[in-house]
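K.L.:
predicted structure and sequence below. I'll ask about it afterward.
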Amino acid sequence: TKKRVDVSAYNQELDELGQLLNQTMGQVQNLVQSQQDFVSDVSHELRTPVTIVKGHLNLLARWGKDDPEVLADSLSSSLSEIKRMEVLVNEMLQLTRAEKLIVNKEQITTSVAAVVERVYHDFQIVHPEFSWTYDGEVSQPIEVAIRPDHLEQLLIILLDNAIKYSTDRKEVHLALAKAGAWVEIGVQDFGQGIAHDDLDRIFDRFYRVDKARVHQPGGNGLGLSIVKKMVAAYGGQVQVESALGSGSSFRLRFPLVDPSQEEVLEEKQSDL
Ligand code: ADP
């Protein structure tokens with residue numbers, strides 16, 4: 001005698017399985033799509049400098065031997081385009097690394113203030129034309145699970161931007177503070193600011209507000225996408241407030257290594 005199986009009992013499971021499969025397929029498709037988009041974005045970005053260098057090489061081949069002016073001009077233009085490509089490729093590598101970053105938070109504790117202060121001092125030295133302020137008096141060490149070189153990289157991107165997009169008022173303000181179970185690092189400038197409609201998109205790769213000015217002062221539009229991916233890998237957040245003409249304020253937030261302990265410590269201190 002054949003055993004009869006009541007299929008209806010499995011209908012719900014089958015349904016759920018179907019849905020799951022659909023969802024997974026959707027995710028795979030998105031992934032493939034985003035890979036294709038990336039390749040297409042990168043090709044697009046590299047095409048311009050390649051075309052320029054090719055043009056100069058043609059000039060050199062034709063006139064370079066006889067015309068010292070063409071020779072000097074084309075060589076220096078080619079060199080600066082190639083340097084730009086080098087920066088672009090490096091930034092793309094950084095973005096890919098940030099996207100692939102898997103963090104084992106248990107193995108890292110960094111005292112944030114030391115890193116922030118070191119970067120702050122370096123920038124002060126390199127950009128004496130700016131007036132710098134730092135608001136980061138912390139009574140106890142703030143420990144966060146982030147690799148110090150990564151934190152440094154994040155700060156450098158934000159500070160570089162603050163400088164690049166400053167106008168007349170050359171002022172940068174850095175802040176470090178605890179906020180509940182988080183540490184917050186703020187980078188504020190008083191420069192050109194970002195229009196409301198652009199705010200959501202500045203974290204997209206290759207997005208630049210002012211696309212016409214490819215060379216100056218903007219870069220490749222990768223800095224903030226690196227920030228976003230890297231911050232996410234550490235379970236942190238990046239926020240921005242900005243208004244056209246009055247400046248921008250970026251804020252990085254990371255969970256404290258041991259928030260419960262920090263709170264208790266603070267309470268104990270205030271009891272004294
Ligand atoms: P870029 O290399 O162009 O600076 P980012 O990804 O770092 O690329 O930034 C993307 C865009 O966001 C910039 O091109 C610029 O238009 C805008 N932006 C970023 N930071 C600031 C800032 N501090 N002030 C004004 N605009 C900014």
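P.N.:
Looks like it came in fine. The model shown is predicted, which means the values in this text are computed figures rather than measured ones.

K.L.:
where does pLDDT dip in the stretch 101-250 of the chain?
P.N.:
For the stretch 101-250 of the chain, residues meeting the criterion pLDDT under 70 lie at 212-218.

K.L.:
gap between the residue nearest to residue 254 when sequence neighbours are not counted and the ligand?
P.N.:
If the residues on either side of it in the chain are set aside, residue 254 comes closest to residue 236, at 4.1 Å by CB to CB, 6 or more residues apart in numbering. C-beta: built from backbone N, CA, C; applies to glycine. Distance of residue 236 to the ligand, computed by CB to the nearest ligand atom, to the nearest Å: 17 Å.

K.L.:
for residue 236, the count of nearby residues, please.
P.N.:
As a burial measure, residue 236 scores 22 neighbours (other CB atoms under 10 Å).

K.L.:
in this structure, which residue is closest to the centre?
P.N.:
Centroid-nearest residue in the chain, with CA atoms, centre = their mean: residue 227, separated by 2.1 Å.

K.L.:
hmm, it is touching residue 159, no?
P.N.:
No: applying CB atoms under 8 Å as the test, residue 227 and residue 159 come out as separate, 11.5 Å apart.

K.L.:
give me phi/psi at the residue nearest to residue 254?
P.N.:
Backbone torsions for residue 236, taken as degrees, to the nearest 10, come to phi -100, psi -170.

K.L.:
I'd say it and residue 256 touch.
P.N.:
No: Residue 236 is beyond contact range of residue 256, at 11.0 Å (criterion: CB under 8 Å).

K.L.:
render the CA-only coordinates of the helix or strand encompassing residue 153 in CSV, please.
P.N.:
Take DSSP states H and E as the rule and residue 153 turns out to sit in helix 148-164. Output in CSV follows, covering the C-alpha atoms of helix 148-164 (Å, rounded to 0.1, in the frame of the first residue of the first chain):
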residue,chain,number,x,y,z
PRO,A,148,43.1,53.7,14.0
ASP,A,149,44.3,53.9,10.4
HIS,A,150,40.7,53.7,9.3
LEU,A,151,39.5,56.4,11.6
GLU,A,152,42.4,58.5,10.4
GLN,A,153,41.4,57.9,6.8
LEU,A,154,37.8,59.0,7.5
LEU,A,155,38.9,62.2,9.2
ILE,A,156,41.3,63.0,6.4
ILE,A,157,38.5,62.7,3.8
LEU,A,158,36.2,65.0,5.8
LEU,A,159,38.9,67.5,6.7
ASP,A,160,40.2,67.6,3.1
ASN,A,161,36.6,68.3,1.9
ALA,A,162,36.2,71.0,4.6
ILE,A,163,39.3,72.7,3.2
LYS,A,164,38.5,72.1,-0.5
